[in-house]
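Undergrad: here you go, sequence then predicted model.
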Amino acid sequence: MQKIRTALLSYGMSGKVFHAPFLSVHPGFELLGSWERSHRNIHSDYPETKSYASPEALLDDNPDLVVVNTPVATHYEYAKRMLQAGKHVLVEKSFTATVAEAKELQKIARDKGLKLAVFHNRRWDSDFMTVKDVIAKDMLGDIVEAEFHFDRYNPTLSPKMHKETVNSGSGVLKDLGSHLIDQALFLFGMPEAVFADIRVTRAQSVVDDWFDLSLYYPRLRVRLKAGFFVREMVPSFVVHGKNGSFLKPRGDVQEEDLKLGKKVTAKDWGTEPRSREGLLHTEFDGKIIREFLPTLHGNYFYFFDALYGSLTEDKPEPVTAQEGINVMAVIEAAIKSSQSRKVVAVEN
């Protein structure tokens, strides 16, 4: 089996929780190590890996794939640098800070014949996969409206200063918002226009921490919301069709389990507790149904498996650069909309 030699540009939460656990168990990847600026942690977790003192030292080991999982404002700089060095690149969300940056990276990758993927891993959350399955099986009929939430109760500022200082990549819209937007576009395609309200709600915060976006489609409206003052959670996925409704709480356990160090090879990996099942109330095959629906298993391993297929068999990336650009286009339209308090067309 061909091995894809892979290096990370950071071993903070992203590298430790979302990337290394999957790269280390997938038989097609060889995790070389990570650039670590201050602490040297990766070697203790993965003894066969290296802690690199600089990107140059990382490149000296000749990786095939580099994961750009640094702060959003630096994604363009590092991804461009790695592509120009002839490396395939996986970029964390948000893809970049602007559409222009994303398009330039896409062009460089195409010109050099390199793979460029975006890590929108939430497509492989158990809750979202179940929503997708309900829609794909036409259980609700023609979809009229959908509402997705990524809410938390966390009034304090993050200790990660790059998230709480004004820079081109900070704010909840480019953080949690990019997940919700990607999920909406994956299900429904590009909207025609956006109306957005983006706010600051926490004391001492200088970056956006609340948003309410409405995506306009010809026969559908999709509302996306996130905030840090939601102590009592509402369903994170609400989909209404002409035949019925599906309400699903956020239930994916992967992030929680990864933080606890649970092995991704566990037999029950990605299995939600039954208490988080979604409620389906619809008319299907001539029968009225109102029941809790078993949740599909989530697994971010599917992303890395598809990425391996892309690198070795020239299949499409699991999340393409164009899909990352589309998310950035909606974000830019949302920012313009909030500033002008007007509906703004989304540029394709």
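TA: That came in fine, so what should we check first?

Undergrad: and the average pLDDT for stretch 274-291 is what?
TA: For stretch 274-291, the mean per-residue pLDDT is 96.

Undergrad: any idea how far apart the tips of it sit?
TA: 13 Å (Cα to Cα, to the nearest Å).

Undergrad: kindly report the same for stretch 170-177.
TA: Length of stretch 170-177, first residue to last, Cα to Cα: 11 Å.

Undergrad: how is this structure divided into domains?
TA: Domain segmentation of the chain under automatic domain parsing yields 4-121+303-316, 122-298+330-345.

Undergrad: return the most buried member of those.
TA: Of the domains of the chain, the one with the most neighbours on average (mean count of other Cβ atoms under 10 Å) is domain 4-121+303-316, at a mean of 20. To be clear about C-beta, it is placed using only N, CA and C from the backbone, and glycine gets the same treatment.

Undergrad: which parts of the stretch 151-300 of the chain are helices?
TA: Under the criterion DSSP state H, counting those that start in this stretch, the stretch 151-300 of the chain contains helices at 161-164, 176-188, 254-259.

Undergrad: worst-scoring helix or strand of this structure, pLDDT-wise?
TA: helix 161-164 (a mean of 80; mean pLDDT, DSSP states H and E).

Undergrad: turn the domains of the chain into TSV, columns for distance to Gln322.
TA: Listed next are these as TSV, based on distance: least, Cβ to Cβ, whole Å:
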stretch	distance to Gln322
domain 4-121+303-316	7
domain 122-298+330-345	11
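
Undergrad: and of the helices of the stretch 151-300 of the chain, who's closest to Met82?
TA: helix 161-164 (19.6 Å; Cβ to Cβ).

Undergrad: could you export the helices of the stretch 151-300 of the chain as a markdown table, including distance to Lys137?
TA: Converted to a markdown table, those look like this (distance: least, Cβ to Cβ, whole Å):
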| stretch | distance to Lys137 |
| --- | --- |
| helix 161-164 | 38 |
| helix 176-188 | 13 |
| helix 254-259 | 24 |
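
Undergrad: for these, which one sits closest to Ile198?
TA: Among the helices of the stretch 151-300 of the chain, helix 176-188 comes nearest to Ile198, with 8.9 Å by Cβ to Cβ.

Undergrad: for the closest one, packing partners?
TA: helix 126-136, strand 143-149, strand 210-217, strand 220-226, helix 321-340 (3 or more Cβ pairs under 8 Å, 6 or more residues apart in numbering; DSSP states H and E).

Undergrad: closest one to Asn69 among those?
TA: helix 321-340 (14.2 Å).

Undergrad: after the closest one, next one along is what?
TA: strand 344-345 (DSSP states H and E).

Undergrad: sheet partners, orientation included, of that following strand?
TA: Neighbouring strands of strand 344-345 in its sheet, by DSSP bridges, are strand 193-199 (antiparallel).

Undergrad: pretty sure Phe29 sits against Gln2.
TA: No: counting by Cβ atoms under 8 Å, Phe29 does not reach Gln2; the two are 10.1 Å apart.

Undergrad: just the angle between the helix or strand hosting Lys80 and helix 321-340, please?
TA: Assigned by DSSP H and E, Lys80 belongs to helix 75-84. Relative orientation of helix 75-84 and helix 321-340, computed by axes from the mean of the first three to the mean of the last three Cα atoms, to 10 degrees: 160 degrees.

Undergrad: now Val264. Nearest residue, chain neighbours left out?
TA: Closest residue to Val264 apart from its sequence neighbours, by Cβ to Cβ, 6 or more residues apart in numbering: Pro21 at 5.1 Å.

Undergrad: the one you found contacts Leu260, correct?
TA: No: look at Pro21 against Leu260 with Cβ under 8 Å: they stay out of range, at 11.4 Å.

Undergrad: list the contacts of the nearest residue in space to Ser158 that is not next to it in sequence.
TA: Leaving aside its chain neighbours, Ser158 sits nearest to Glu164 (5.5 Å; criterion: Cβ to Cβ, 6+ apart). Taking Cβ atoms under 8 Å, 6 or more residues apart in numbering as the contact definition, Glu164 lies against 157-158, 170, 205-207.
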